[in-house]
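S.K.: have a look; sequence and predicted model below, questions after that.
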2 protein chains.
Amino acid sequence: MEYSISEFSRLTNLGIHTLRYYEHENLITPKRNSSNRRCYSDKDLAWIEFIKRLKDTGMPIKEIQRYAELRAKGDLTLNERMEMLTVHRESLNEQIKALQEHMAKLDDKIDFYRQEIERTSLK
Amino acid sequence: MEYSISEFSRLTNLGIHTLRYYEHENLITPKRNSSNRRCYSDKDLAWIEFIKRLKDTGMPIKEIQRYAELRAKGDLTLNERMEMLTVHRESLNEQIKALQEHMAKLDDKIDFYRQEIERTSLK
DNA sequence: ATACAATGTAGAGTAAACTCTATGTCAAGA
DNA sequence: TCTTGACATAGAGTTTACTCTACATTGTAT
């Protein structure tokens, strides 16, 4: 299947402006039809979903750009891309650990508040 | 103990400019000495550490501002503050869940890469 | 043929959170 | 006294990632 930019915008939940911005930043390069309109494919869809995942896990656009560049060069860059993902995996792991520690501390704080409210009878 | 802004900067790992910025945004209000220099206390230190925690868990400055405002009003706002923290706790919980899902998908992708590299003998 | 809605490009504007610059004050050492 | 060096304020500048505006084209319905 092929999609116009507005269809693709709906499918990906990314604004039309954002899609054009991503293209401008060379994250994605959809085909064009005879009238120069963008034609997004299902492959583009899978790719943009992966881009979203990288973004949602804190990878900056610049680095996704680098990854996209490698991807465009084909199979010869598989090693390098896997290396990037492996490094990113580690950062993700640390993010999760950090958030879990924050969660524990936050729980302590909430408990403390609960006691204070009890003690001062502000409940 | 009391600390000058540069000492406090070292203790908190926040730049001097950032500390002044936080004060400008009413997140923290250190005492001043007779020459109008900032005098940070140990209480300020504990407070800034908590601010960092909120920030690191994705709370925007605006909301920390709101929390700081309540804190400045004293014990009468304990309930409201606990409510804020409880809501924030939930968001933190969801962040962790989301990251864990991303991690699982990323692992799948890395496995796929490993197989592709094996298959195409690019190792 | 005409209107109009979707699309195209280039570039300006926005929001958040800093970060830096210009300029001035002040206490302490040479 | 003179000179630093740390600190003060006000406000400008930066970075990231969009988001929007202005204006030109194009395909389709009337």
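M.R.: Sure thing, it's come through.
S.K.: can we go C-alpha only for contacts and neighbour counts from here?
M.R.: Fine.
S.K.: so where's chain A uncertain?
M.R.: A:122-123 (pLDDT under 70).
S.K.: taking chain A, what residue is nearest to DNA strand D?
M.R.: residue A:60 (3.3 Å; C-alpha to the nearest atom of the strand).
S.K.: what is the burial count for that residue?
M.R.: Residues within reach of residue A:60, counting by other C-alpha atoms under 10 Å in any protein chain shown, total 11.
S.K.: looking at it, residue A:92 is touching residue A:59, isn't it?
M.R.: No - with contact defined as C-alpha atoms under 8 Å, residue A:92 does not reach residue A:59; the gap is 9.6 Å.
S.K.: which one of the two has more residues nearby?
M.R.: Set side by side, residue A:92 and residue A:59 show more neighbours around residue A:92, with 21 against 16, by other C-alpha under 10 Å.
S.K.: which parts of chain A sit against DNA strand C?
M.R.: A:4-7, A:20, A:32, A:36-38 (C-alpha under 7 Å from any atom of the strand).
S.K.: the longest strand along chain A packs against which elements?
M.R.: In chain A, assigned by DSSP state E, the strand with the most residues is strand A:38-41. Using 3 or more C-alpha pairs under 8 Å, 6 or more residues apart in numbering or on different chains; DSSP states H and E as the contact test, the elements touching strand A:38-41 are strand A:2-3, helix A:5-12, strand A:31-32.
S.K.: I'd like those as TSV, with distance to residue A:85 and mean neighbour count appended.
M.R.: Converted to TSV, those look like this (distance: least, C-alpha to C-alpha, whole Å; neighbours: other C-alpha atoms under 10 Å in any protein chain shown):
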stretch	distance to residue A:85	mean neighbour count
strand A:2-3	29	16
helix A:5-12	22	15
strand A:31-32	27	12
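S.K.: tell me which of those sits nearest to chain B.
M.R.: helix A:5-12 (16.9 Å; C-alpha to the nearest C-alpha).
S.K.: ok, back up a step: name the residues that touch the longest strand of chain A?
M.R.: For strand A:38-41, the surrounding residues in contact (C-alpha atoms under 8 Å, 6 or more residues apart in numbering or on different chains) are A:1-5, A:8, A:30-33.
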